[in-house]
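1. what follows is a predicted protein model with its sequence.
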Amino acid sequence: MSNQKIVFLGTGGTIAGTAASALEHSDYTAAQVGVHALLASLPGWNDGQGAERYVVEQVAQLDSKDMGFDVWVKLAIRVAHFLAQADVQGIVITHGTDTLEETAYFLQALLAPSKPVVLTCAMRPSNALVPDGPQNLLDAVAVASSAGAHGAHGVTVVCAGAIYGAEEVQKIHPYRLNAFSAGDAGPIGFVEQGRLRLLRDWPRGQGLTLGSALADAAWPRVEIVMSYAGADGTVVRALLKAGVKGLVVAATGNGTVHQDLEAALVLAMQQGVKVLRATRCAEGRLLPGANDALPAAPGLTPVKARIALMLALMQGR
Ligand code: ASP
């Protein structure tokens, strides 16, 4: 397996960020250093086998708060391209933490790879006194180099020594090094001194192929509205006027929605807009009931339900 290639795709983020001072962790500029330079600083990178074993590409260079459909399409096309190469063992994507869970879920929903596709990141800029990016990168390489059992692997996220599944992972902290959680599902496992300790199976990969339609597809406008005390239908009505095609409601508790907002969403559905309920709760999963007025997206956070709905609309589902 050691002659198999690992592909690195850079997209920016804090892992590629720089600050004015090595002690500054919050006031910095993301996406300043190229992925080639990030990798060149890793121990062992220049030991001679690099050129044969590693393929490195800068797909984008942005703060992931600004992630958009154009970069997602470009990234998905490159990921699909490399997954199809017989000599590629796995792919590591460097990414900002802010929308990392969205990109991870997007790639999983679209490609469900049977080879490892691992997103990694950092919470401190690359020139911090003690940056976390280099270790996260090495841990991601360990995951990307591992063989999944029975065609399983899927898209995973590696941060602070933990491995998370794309469907469950969520950023839960604004500055802690260990900024992610998979809620009550827990991590898939840990990377310990370059070795993996798995707590459960890898997510199943179906090895879907990327339809050529994605590059030209028009992304349907799908927005998220939130249910809260005093919520009403004003935002929904404004979005209907703006031509929205889908609405995800970030619902309270087990998918409950303020009656005034729910009435507006039911009207939206009657006008042909697709509506999905996801829970605002950080843990657990929404349990649909027999008499629900609005369809549910159990197990998905509002941002992931939005991606699922956009992809479904694009595929005419
Ligand atoms: N704003 C940064 C980004 O998402 C945060 C990070 O990477 O930690 O690109």
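-> Here it is on my side, so go on.
2. for the residue of the stretch 151-300 of the chain found nearest the ligand, phi and psi?
-> The nearest approach of the stretch 151-300 of the chain to the ligand comes at residue 179, 7.3 Å away (C-beta to the nearest ligand atom). From N, CA and C alone the C-beta is placed, and that goes for glycine too. Note on residue 179: its backbone torsions stand at phi -90, psi 0 [degrees, to the nearest 10].
3. where's the closest residue to it other than its chain neighbours relative to residue 262, distance?
-> Spatial nearest neighbour of residue 179, chain neighbours left out: residue 173 (4.6 Å); criterion: C-beta to C-beta, 6 or more residues apart in numbering. Computed as C-beta to C-beta, to the nearest Å, the residue 173 to residue 262 distance reads 32 Å.
4. same question for residue 140.
-> In terms of C-beta to C-beta, residue 140 sits 42 Å off from residue 262.
5. quick one, which of the two is more surrounded?
-> Comparing residue 140 with residue 262 by other C-beta atoms under 10 Å, the one with more neighbours is residue 140, at 28 against 22.
6. by mean pLDDT, point me to the weakest helix or strand of this structure.
-> helix 50-53 (a mean of 72; mean pLDDT, DSSP states H and E).
7. give the contact list for residue 207.
-> Applying C-beta atoms under 8 Å, 6 or more residues apart in numbering to residue 207 gives the contacts 83, 111-114, 151.
8. tell me the pLDDT of it.
-> Per-residue pLDDT puts residue 207 at 72.
9. for it, phi and psi?
-> phi 60, psi 50.
10. now do residue 88
-> Taking degrees, to the nearest 10 as the convention, residue 88 sits at phi -90, psi 120.
11. pull the contacting residues for the residue of the chain at minimum distance from the ligand.
-> When scored by C-beta to the nearest ligand atom, the chain has residue 96 as its residue closest to the ligand, at 1.9 Å. If you count contacts by C-beta under 8 Å, 6+ apart, residue 96 has them with 11-15, 30-31, 62-65, 67, 121.
12. let's see that with 6 Å instead.
-> 12-13, 30, 63-64 (C-beta atoms under 6 Å, 6 or more residues apart in numbering).
13. so which of these are also by the ligand?
-> Residues of the contacts of residue 96 in contact with the ligand (C-beta under 6 Å from any ligand atom): 13, 30, 63-64.
14. where does the chain have low pLDDT?
-> Within the chain, the segments meeting pLDDT under 70 span 1-3, 48-51, 148-152, 211-213.
15. quick one, helices of it?
-> 35-40, 50-53, 69-83, 100-111, 133-144, 234-241, 259-270, 302-314 (DSSP state H).
16. which bits of this protein sit near the ligand?
-> 13-14, 30, 63-65, 96-98, 121, 123.
17. residue 299 and residue 227, how far apart?
-> Counting by C-beta to C-beta - residue 299 and residue 227 are separated by 19 Å.
18. oh, I was asking about residue 98
-> In terms of C-beta to C-beta, residue 98 sits 24 Å off from residue 227.
19. more crowded one of those two?
-> Shown here are residue 98 and residue 227; by other C-beta under 10 Å, residue 227 has more neighbours (22 against 19).
20. let me see the contact set for residue 115.
-> 83, 90, 153.
21. right, and the last one touches residue 116 too?
-> The reference is to residue 153. Yes. Counting by C-beta atoms under 6 Å, residue 153 touches residue 116, with 4.8 Å between them.
22. residues contacting stretch 144-164, please?
-> 6, 90, 92, 104, 107-108, 114-121, 136, 139-140, 143, 166, 169, 177-178, 180, 182, 187-191, 196, 202-205.
23. out of the residues of the chain next to the ligand, which are buried?
-> Neighbour counting by 16 or more other C-beta atoms under 10 Å classes 13-14, 30, 63-64, 96-98, 121, 123 among the residues of the chain next to the ligand as buried.
24. ok, so of the residues you listed, who is nearest residue 277?
-> residue 98 (24.3 Å; C-beta to C-beta).
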